[in-house]
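Asks: Predicted structure and sequence below. I'll ask about it afterward.
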Amino acid sequence: MVVVFLHGPVAAGKHTIGTRLSALTGLPLFHNHLAVDAALSLFPFGSEGFNALRAAIWRTAFAEAAAAGQSFIFTFHPEASVDPALVKELRNAVVTTGGEVFFVELTCPEDTVLARLGSDSRRQFRKLTDPDLYRQVQAAGGFAFPPLPRPLITIPTDQVEPEQAARAIAEALTLVL
């Protein structure tokens, strides 16, 4: 059982690349906004209730998938409303059952992030789309997060098309599996 843990900043292409990687590998995509949207249906973003519900959904998804031996792709935006210990918990839920978590880092410079914020695909998941709000959140430390474990591969998404990125990730996985 493996989890491909795609992470990167706002608008790095996590969902787009995850979708293409899913098509290439047959692994289901557990897009982080499935949990975010569920939590937003009840609580404001970043509130105690929101954070608790989102974390509970992620914990349950990782634990149940690990118990069932169900590999998957997960997208994650490291940001301050997530307890850093949660990432360790999610990884441990997989590793303790004999599975592996492969971190894949997507990078994207801020000018590209700002250019991508207004895309129609971002509105579909009620993602951050306002450049001014992005700058406010960033200035307030809202995107602060400790470094994640060493990635299997790092993809600069401003230089690599999504299909090419998905192929590179699939090839890297083939080398370690």
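Replies: Perfect, I can see it now.

Asks: Isn't Pro151 up against Leu106?
Replies: No - with contact defined as C-beta atoms under 8 Å, Pro151 does not count as touching Leu106 (9.2 Å). Placement of C-beta: from N, CA and C, glycine included.

Asks: And these two? Which one has more around it.
Replies: Leu106 (27 against 18; other C-beta atoms under 10 Å).

Asks: same for the helix or strand hosting the more buried one, what does it pack against?
Replies: Assigned by DSSP states H and E, Leu106 belongs to strand 100-107. Applying 3 or more C-beta pairs under 8 Å, 6 or more residues apart in numbering; DSSP states H and E, we find strand 100-107 packed against strand 2-7, helix 84-95, strand 153-156, helix 162-176.

Asks: Comparing those, which comes out most buried?
Replies: strand 2-7 (a mean of 24; mean count of other C-beta atoms under 10 Å).

Asks: now the very next helix or strand once past that strand, how far from the centre of its chain.
Replies: Going down the chain from strand 2-7, the next helix or strand is helix 14-25, by DSSP H and E. Averaging C-alpha positions (C-alpha atoms, centre = their mean, to the nearest Å) puts helix 14-25 12 Å from its chain's average.

Asks: Can you give me the separation between the residue of the chain positioned farthest from its centre and Gly18?
Replies: Largest separation from the mean C-alpha position in the chain: Asp132, at 22.7 Å (C-alpha atoms, centre = their mean). Distance, Asp132 to Gly18, by C-beta to C-beta, to the nearest Å: 27 Å.

Asks: and Val101, what does it touch?
Replies: 2-3, 5, 90-91, 94-95, 149 (C-beta atoms under 8 Å, 6 or more residues apart in numbering).

Asks: For Leu27, state which of those is nearest.
Replies: Relative to Leu27, the closest of the contacts of Val101 is Val2; by C-beta to C-beta it sits at 8.0 Å.

Asks: Look up which residues are beta-bridged to the closest one.
Replies: Glu100 (DSSP bridges).

Asks: Val3: what's it in contact with?
Replies: By C-beta under 8 Å, 6+ apart, Val3 lies in contact with 62, 65, 71-74, 90, 94, 99-102.

Asks: now these in JSON lines, with pLDDT and distance to Ala172?
Replies: Compiled in JSON lines, the contacts of Val3 are given as follows (pLDDT from 0 to 100; distance: C-beta to C-beta, whole Å):
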{"residue": "Phe62", "pLDDT": "98", "distance to Ala172": "21"}
{"residue": "Ala65", "pLDDT": "98", "distance to Ala172": "21"}
{"residue": "Ser71", "pLDDT": "97", "distance to Ala172": "15"}
{"residue": "Phe72", "pLDDT": "98", "distance to Ala172": "17"}
{"residue": "Ile73", "pLDDT": "98", "distance to Ala172": "13"}
{"residue": "Phe74", "pLDDT": "98", "distance to Ala172": "16"}
{"residue": "Leu90", "pLDDT": "98", "distance to Ala172": "20"}
{"residue": "Val94", "pLDDT": "98", "distance to Ala172": "18"}
{"residue": "Gly99", "pLDDT": "97", "distance to Ala172": "17"}
{"residue": "Glu100", "pLDDT": "97", "distance to Ala172": "13"}
{"residue": "Val101", "pLDDT": "98", "distance to Ala172": "14"}
{"residue": "Phe102", "pLDDT": "98", "distance to Ala172": "8"}
